[in-house]
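Novice: With the input below, show me the fold.
(4 chains)
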Protein chains: 2
Amino acid sequence: MSYPPGFRIERERTRPEKAGDVARSKAIQAAIELFSTSGYNKTSIAEVALRTGLSQSGLLHHFPNKTALLTAVLEQREKEDSEFLFGEGEPPLGWAAFDSLVALVARNSTRPEWIGLFVRISAEATEASHPANRWMLDHYSSVRAWLTRALEHGKENGEVLPDAPVDAIVRNTIAVLDGLQQQWVAEPHSMSMVAELRVYLHQLHTVWGTA
Amino acid sequence: MSYPPGFRIERERTRPEKAGDVARSKAIQAAIELFSTSGYNKTSIAEVALRTGLSQSGLLHHFPNKTALLTAVLEQREKEDSEFLFGEGEPPLGWAAFDSLVALVARNSTRPEWIGLFVRISAEATEASHPANRWMLDHYSSVRAWLTRALEHGKENGEVLPDAPVDAIVRNTIAVLDGLQQQWVAEPHSMSMVAELRVYLHQLHTVWGTA
DNA sequence: ATTGACCGACCGAGTACACGGTCCGTTTCC
DNA sequence: GGAAACGGACCGTGTACTCGGTCGGTCAAT
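Specialist: Below you'll find the predicted structure:
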């Protein structure tokens, strides 16, 4: 009781390179790779441990169970994505929001594991009992909220036509994103994703933009 | 030796409604339901057998192994889908092809299992070792071929602008289809899919059509 | 009309294995 | 010396699949 509750976190922040932390992040990286190719269900923690350079018990020392490992992976992804998208500032609005989505996809194209991870997990997580179900619903709803806000802001701004069907555009955009990623995972070298997305955004601009 | 080798087959063809065939199709139906909610990997054949009203051994009498059950399911889906889309005649071309896709989605909305099945299987099958991997690649490539032909026919016809980026439009359309289905599976009552698709098709028409 | 060969439909028990997780012990580092 | 960082052995469960067998029906030959 001699230390305030923030002490532990403070110590970790000042000395982040302890052996355990290295193992932890190595394990997360290994889990990302395996989840992205085999999905969560089919991946065994023994395999993750092997890739990490640990025994299964050693891995379970850092993550009490399999779902803890999964949530660590998801937190990592969420963190890196939102840092890239928003940085420290405000999320972009208007059509700029859609442009930044293209940038995100372009960047993730250089990290195939992250795309595979998302495709696999979000499909598995459609099952209500899946440990990532809640995460996935929250994720989608926050992206929808952001894009909806972006379009409505665009309407007020005069960037977007007043009669643009916001909800459908938002859902379709997310659908294109997810669908292209799925095709890309299935046949990685058959397309660029960015080129296709630009065509889609060109359509949006042409139809609902105030040229 | 008193009968020609084809005799037995002939007899089966004249009496197709034996008890085994009923069990077979019941099993396929049960498998569709379970695959659609739990995916292929996570579904146990014991559970399928239970839903069918058979013992596990009884089920395995009809399907030698789990992958045989899966291919039976996929064949069934492929058959019903192409019957609905093309009937006995020629596949529609030009923009009509895209309209028929909407019709297919509208029809499948009344059969949630089929949408769930497709979402789950095609995500699992991104893994090269998955028993449905080949099927999925073939499926996508045939849909792409059809839509590509449809657009090129539309160009010759004057329905479609000559500089329309065929490949990107095809991939984006498939992406919207898949992505919307995924959202629909995650939250079944949050959208209609058909309304969103109409907005997307409206964009295609406006931008690449010869009004 | 009966018989006997044969077959499809089906079941119960068992096998081999993979997997998530526990328990307890040992080393390493502050 | 105490806690963190591991490893080894073990356990219970789930799973795909095998094996041996039963039962009822079909059909040609008697």
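
Novice: alpha carbons only for contacts and neighbour counts from here, please
Specialist: Fine.

Novice: Stretch A:145-163 and chain B, any residue contact?
Specialist: No: Stretch A:145-163 is not in contact with chain B by C-alpha under 8 Å from any C-alpha of the partner chain; minimum separation 12.1 Å.

Novice: residues of that stretch that come out buried?
Specialist: A:146-155, A:159-162 (16 or more other C-alpha atoms under 10 Å in any protein chain shown).

Novice: Which of the residues you listed fall within helices?
Specialist: Judged by DSSP state H, the buried residues of stretch A:145-163 include A:146-155 as members of helices.

Novice: Can you tell me which of those is closest to DNA strand C?
Specialist: Nearest to DNA strand C among these, counting by C-alpha to the nearest atom of the strand, is A:Trp146 at 34.3 Å.

Novice: Over stretch A:186-200, what's the mean pLDDT, rounded is fine.
Specialist: Averaged across stretch A:186-200, pLDDT comes to 95.

Novice: Just checking that stretch against chain B, any contact.
Specialist: Yes: interface with chain B: stretch A:186-200 contributes A:186, A:195-197, A:199-200 (C-alpha under 8 Å from any C-alpha).

Novice: next one: that stretch to chain centre, how far?
Specialist: 18 Å (C-alpha atoms, centre = their mean, to the nearest Å).

Novice: what does stretch A:100-118 give?
Specialist: 9 Å.

Novice: CA atoms only: put it into PDB for me.
Specialist: What follows is stretch A:100-118, C-alpha atoms only, in PDB (Å, rounded to 0.1, in the frame of the first residue of the first chain):
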ATOM      1  CA  SER A 100      -7.200   8.600 -45.500                       C
ATOM      2  CA  LEU A 101      -8.800   5.100 -45.700                       C
ATOM      3  CA  VAL A 102      -7.000   4.600 -49.000                       C
ATOM      4  CA  ALA A 103      -3.800   5.600 -47.300                       C
ATOM      5  CA  LEU A 104      -4.400   3.100 -44.500                       C
ATOM      6  CA  VAL A 105      -5.000   0.300 -47.100                       C
ATOM      7  CA  ALA A 106      -1.900   1.300 -49.000                       C
ATOM      8  CA  ARG A 107       0.200   1.100 -45.900                       C
ATOM      9  CA  ASN A 108      -1.300  -2.200 -44.700                       C
ATOM     10  CA  SER A 109      -0.600  -3.700 -48.200                       C
ATOM     11  CA  THR A 110       3.000  -3.800 -47.000                       C
ATOM     12  CA  ARG A 111       2.000  -5.800 -43.900                       C
ATOM     13  CA  PRO A 112       0.000  -8.800 -45.300                       C
ATOM     14  CA  GLU A 113      -0.400 -10.300 -41.900                       C
ATOM     15  CA  TRP A 114      -2.500  -7.500 -40.700                       C
ATOM     16  CA  ILE A 115      -4.900  -7.800 -43.600                       C
ATOM     17  CA  GLY A 116      -5.100 -11.500 -43.200                       C
ATOM     18  CA  LEU A 117      -5.700 -11.100 -39.500                       C
ATOM     19  CA  PHE A 118      -8.600  -8.800 -40.000                       C
END
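
Novice: Give me the buried stretch members for it, please.
Specialist: A:100-102, A:104-106, A:109, A:112-118.

Novice: try stretch A:52-65
Specialist: Of all the residues in stretch A:52-65, those buried under the rule 16+ other C-alpha under 10 Å are A:52, A:54-56, A:59-60, A:63.

Novice: And for stretch A:86-99?
Specialist: A:92-95, A:97-98.

Novice: any idea how chain A splits into domains?
Specialist: A:1-73, A:90-211 (automatic domain parsing).

Novice: Do any residues in stretch A:36-50 lie close to chain B?
Specialist: Yes: residues of stretch A:36-50 contacting chain B under C-alpha under 8 Å from any C-alpha: A:37-39, A:41-42.

Novice: which parts of chain A sit against chain B?
Specialist: A:37-39, A:41-42, A:119-120, A:123-124, A:126-127, A:137, A:165, A:168-169, A:171-180, A:182-183, A:185-186, A:195-197, A:199-200, A:203-204, A:206-207.

Novice: who wins for most neighbours among the residues of stretch A:186-200 next to chain B?
Specialist: A:Leu197 (25 neighbours; other C-alpha atoms under 10 Å in any protein chain shown).

Novice: What separation do you get for it and A:Leu177?
Specialist: 8 Å (C-alpha to C-alpha, to the nearest Å).

Novice: just A:Phe118 next, same as before
Specialist: Taking C-alpha to C-alpha, one finds A:Phe118 at 11 Å from A:Leu177.

Novice: Tell me the one of the residues of stretch A:36-50 next to chain B nearest B:Leu70?
Specialist: For the residues of stretch A:36-50 next to chain B, the minimum distance to B:Leu70 (C-alpha to C-alpha) is 17.4 Å, reached by A:Lys42.
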